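In: missing the sequence, but the structure's below:
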């Protein structure tokens, strides 16, 4: 019987992807804050480019959050579909079953434990 590790494998993968997406989101938030604060301090052409960079980072952050939402929904959906079902197995006494099935040959039943014929 093989060990079923499907949920644990999927969970580890989802955690690794989630940590990566959260790290990316943190970097994008930092970039948005830095670009917007620098855009207000600089002049027209440089500030405009930094504003575009902030908008691009905001769009990537939105896509990142969408991927995070998709990951969570997919993980929860897989968890709800995958259920371990252990059918009830009736108890069987193996020793009693073996005793009922065991039959001796006529010749073997006449001999004793040491292989000699029993004396009547």
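Out: That came through fine. Here the structure is a predicted model, which is why all the values come from computation and not from measurement.

In: Would you mind giving me the confidence score for residue 20?
Out: On pLDDT, residue 20 comes in at 96.

In: Count the residues that sit near it.
Out: Close neighbours of residue 20, defined as other C-beta atoms under 10 Å, add up to 12. Heads up, the C-betas are built off the backbone N, CA and C, glycines and all.

In: Give me the buried positions along the helix or strand in which it is found.
Out: Counting by DSSP states H and E, the element that carries residue 20 is helix 6-41. The neighbour-count check on helix 6-41 (16 or more other C-beta atoms under 10 Å) flags 14, 24, 25, 28, 31, 32, 35, 36, 39 as buried.

In: same deal with stretch 56-71?
Out: Those buried within stretch 56-71 under the rule 16+ other C-beta under 10 Å are 57, 58, 60, 61, 64, 67, 68, 71.

In: circling back: now the two most distant members of the buried residues of helix 6-41.
Out: Using C-beta to C-beta, the two most remote members of the buried residues of helix 6-41 are 14 and 39, lying 36.3 Å apart.
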